[in-house]
Structure formats: structure tokens, C-alpha cells
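Colleague: Let's see this in three dimensions:
(one chain, ligands or ions: 1)
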Amino acid sequence: MGDIVRIGVLHGDGIGPEIVPAAVEVAAKALQRNDIGVEWIELPFGAAAIDSHGTAAPSETLAALDELDLWVLGPHDSASYPTEFRGQLTPGAVIRKRYNLFANLRPAKALDAARAMAPGIDLLIARENSEGLYADRNMAVGSGEFMPTPDVALAVGVITRAASERIAREAFTWARRRRGKVTIVHKANVLTMTTGLFRDACLDVARDFPDVEVSQEHVDAMAAHLVRRAADFDVVVTENLFGDILSDLAAELAGSLGTAASINCSATKAMAQAAHGAAPDIAGQGSANPIAMISSTAMLLAWQGQRSGDERLAAAAASIDSALARAITAGVATRDLGGTASTATFAQAVLDGL
Ligand code: ATP
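Modeller: Sure, this is the predicted structure:
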């Protein structure tokens, strides 16, 4: 047996306790088959942690994450928390902020070309994750959204050169590992200072990557291009809000939100987190689609393989992707994809394919 990787496991709310264990089981088998030992460290998080520890992101969880580079985070349903918790940062945001997970990497690739609206789609959205127009990300103290009167609401957006360059560097580095193209998405014709700064910072970084082809689009035009010719794009780098919206669009073009994977990372830590939410409407029924969570966990292993140079981790990640593709091609599908398979049946099909 080779090295041991240590991975935190935070089940979260809604369908989290159904899809996270499925992802862990699949990753455990893939790691074992590639001769990599793994220690899974379960940590309290979300509504269950409010019950047991009085807070959704307990200090013991954060202390444990301080010592870890990798973890799998289930979705949280903060809207359902008791009133006193709702005005606070969501537990996901607490974690993202604490570890400065500035890059949200969201691939969109058709898993089932026959059913995808954009069968040729194979792109990676590099979404800036630490600032922009999101109220939880742009103030040291207080909220970036406020109401001077009950009938007037204001939101502050923050774009900095440093954060824009940081995500651009990530995007260009990924482009080199992929098809060598980056599209910068902004709205610099209207939001000239903020998204103009974002665009300029990305173009500055582009000079260090002369081998990567660069293009730029306004976000509204980009939405149209994605619908019409998604297959033309490789890596898309954009600010936070645009990235959030475009990645849901790309996910649906590729299949469904239930299949959309993502990781949030810094240079030293990465967190697997499905792009979808806690889906409280179907929680506890055993019908949730675990693809996004399984695929996010595979991304986590690939990220660590890339960082450590350990090819066995890359192989484990690739084997999960292949097993997912095999299960889908064999017609095993959960309800959201028009099938009848339960979460457990689908996960078993992936395990069998490994
Ligand atoms: P959030 O704001 O936390 O991202 P949301 O309100 O956008 O959450 P989701 O929780 O993602 O919404 O759910 C949107 C819809 O998609 C719901 O009908 C839900 O059942 C469905 N859905 C989301 N994830 C899955 C999944 N993994 N499997 C099946 N259906 C899902």
C-alpha cells in the first residue's frame, strides 16, 4: 500500500447525507484500486451541527479543516435554519472565506451526448470566488447589500486587480492542460471600471501565456454563444456573479444540474462541492442524483494528483469518470434524468464499473 491521503467529509443538509456517502464509497474504491490508502474524516456541518454543536460550522470542524488539504462538502440548506442563523454567513461561505478558496472550477461536459442539449460541450468555467457582487464576499465588516430606506436597496460590487489576476492565472494554467484557449467574460462596455479592470487584469496575465489563444466576450453575448455553439469554448474565466449564472446554463446544456461538478480551491486546499443545492424537495427519498457529487470528488482527486505529481491520483479520478460514463451509457439514471434508479442503485452501477 502506498501513501495515505486524508480527506474530510461534511455531509451537509437535504440530499447531502445521501449523495456524499455515495461519492465517498466510489472514491474509496477508486483509490484502493490504485493502491492509495485513504483516511476519511467525518466532520459535523450544517443543520445537524446546529443541533449537536449550536452552530452550522463548528469550531472543531474548522480546526480539523485547518489540518487538511482536501475535503468533500455536501450542500447546505441555510434558508431552512432557525431565524437567528439566517442573517449569518452560510456555513459554506465560512469555510470558503477562512481558506480563501478563490477559484471555483466548474466543468461542463456532456456525459450522455444523446440527451445533452449541447452534445459537443466540453468547457471549464474558472469563476472568481472571493469578491464581485456577492454580499457575503466583499466586505471586511458588514454586508455589501444595504437598504437606506425600505424602498431602496443598494449592492456594492468589488473587483480587485490582485484577485482578477489570481483567477486568470488559474484559468490560463488550466488552458495549457486542456485545449489551449481562454475566453474572458466581462461587461466592460457598461460596467467599465469594475469588469473593465477584470478584463484588463486577465489580458495582462495572458502575456505570460503566449501559447494560449485568448478571446473575450460580453456576458450577455456569451450566454447566447453558449446556447448556439458551446463546443467552441475551452476555458472561460469570469467574475463571480457571471460565473455562477453561466455555469448553471452550461450545466443544463451538458445534461442537468444534478450532474454539474465543481471544486473550490486555493493554491494549497481544495473542496469538492456539487454545483447544485440541497434539493430539500426530494431529500430522504433516496432518489437524488449523485453524479455531481461523485464527479466533484473525482475532480478533487485529480486536483491533488496535479499538485502532488502523483499519477495514481489522476488515474483514480479518471477511473471514476469512466465508470460514471459507463453507468450512464448503460442507461442507469435517477429520476431527474428520466430514469427510475435510486441513488444507491446508481452508485452501485458506478462501483461495478470501477
Ligand atoms: P442553492 O441556492 O442552494 O444552490 P437551489 O434553490 O438553486 O439551491 P437546488 O437545491 O439545487 O436549488 O434544487 C433545484 C432543483 O433541482 C430542485 O427541484 C431539486 O430537486 C433539483 N435537484 C438539485 N440537485 C439534484 C440532484 N442531485 N438530484 C436530483 N435533483 C436535484
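Colleague: Now tell me what touches the least confident helix or strand in the chain by mean pLDDT from outside.
Modeller: Lowest on mean pLDDT, DSSP states H and E among the helices and strands of the chain sits helix 83-86, with a mean of 86. Residues from elsewhere that reach helix 83-86 (C-beta atoms under 8 Å, 6 or more residues apart in numbering): Ile50, Thr55, Ala56, Ser78, Ala79. In this view, the C-beta of every residue, glycine as well, is placed from N, C-alpha and C.
Colleague: Return the set of buried residues in it.
Modeller: For helix 83-86, the neighbour count (16 or more other C-beta atoms under 10 Å) marks Phe85 as buried.
Colleague: ok, now stretch 49-62?
Modeller: Of the residues in stretch 49-62, those buried (16+ other C-beta under 10 Å) are Ala49, Ile50, Thr55, Ala56, Ala57, Pro58, Thr61, Leu62.
Colleague: What of stretch 293-307?
Modeller: 293-306.
Colleague: List the ones among these that fall in strands.
Modeller: In strands, defined here by DSSP state E, there are no members of the buried residues of stretch 293-307.
Colleague: any idea which of these is the one closest to the ligand?
Modeller: Closest to the ligand out of the buried residues of stretch 293-307 is Met293 (7.2 Å), distances taken as C-beta to the nearest ligand atom.
Colleague: hang on, that closest one packs against Gly74?
Modeller: Yes: with contact defined as C-beta atoms under 8 Å, Met293 counts as touching Gly74 (7.4 Å).
Colleague: Find the residues that touch each one of those two.
Modeller: Going by C-beta under 8 Å, 6+ apart, residues that sit against Met293 and also against Gly74 are Ile19, Val20.
Colleague: avg pLDDT for stretch 281-300?
Modeller: Averaging pLDDT along stretch 281-300 yields 96.
Colleague: So the residue in the chain that the ligand sits nearest to, which state does it fall into?
Modeller: For the chain, the residue closest to the ligand is Gly277, as judged by C-beta to the nearest ligand atom, at 2.2 Å. Counting by DSSP: H, G, I helix; E, B strand; the rest coil, the backbone at Gly277 sits in coil.
Colleague: May I have the residues that are in contact with it?
Modeller: Gly14, Pro75, Asp77.
Colleague: Looking at those residues, spot the one nearest Leu197.
Modeller: Pro75 (32.2 Å; C-beta to C-beta).
Colleague: how about the nearest residue to Ser287, chain neighbours excluded?
Modeller: Excluding its sequence neighbours, the residue lying closest to Ser287 (C-beta to C-beta, 6 or more residues apart in numbering) is Arg335, at 5.0 Å.
Colleague: In which helix or strand does Ala251 reside?
Modeller: helix 240-254 (DSSP states H and E).
Colleague: ok, then the element right after that helix?
Modeller: Next element after helix 240-254 (DSSP H and E): strand 263-265.
Colleague: Can that following strand be said to contact the ligand?
Modeller: No: residues of strand 263-265 are not located near the ligand by C-beta under 6 Å from any ligand atom, the shortest gap being 13.7 Å.
Colleague: Note down every partner strand of that strand and its orientation.
Modeller: strand 103-109 (antiparallel), strand 270-272 (antiparallel) (DSSP bridges).
Colleague: which other residues reach the longest one?
Modeller: I take that to be strand 103-109. Contacts for strand 103-109 (C-beta under 8 Å, 6+ apart): 121-129, 166-167, 170, 174, 230, 243, 247, 250-251, 253-254, 260-266, 275, 299.
Colleague: same thing with the shortest one?
Modeller: By C-beta under 8 Å, 6+ apart, the list of residues contacting strand 270-272 from outside reads 23, 69-73, 95-96, 99, 101, 261-265, 293, 296-297, 299-300, 303-304.
Colleague: Let me see the mean pLDDT of it.
Modeller: pLDDT averaged over strand 270-272 gives 98.
Colleague: ditto for stretch 230-249
Modeller: 96.
Colleague: Closest one to Asp211 out of the contacts of Gly277, please.
Modeller: Pro75 (37.9 Å).
Colleague: Select from the contacts of helix 83-86 every entry located in helices.
Modeller: Using DSSP state H, the members of the contacts of helix 83-86 that fall in helices are Ile50.
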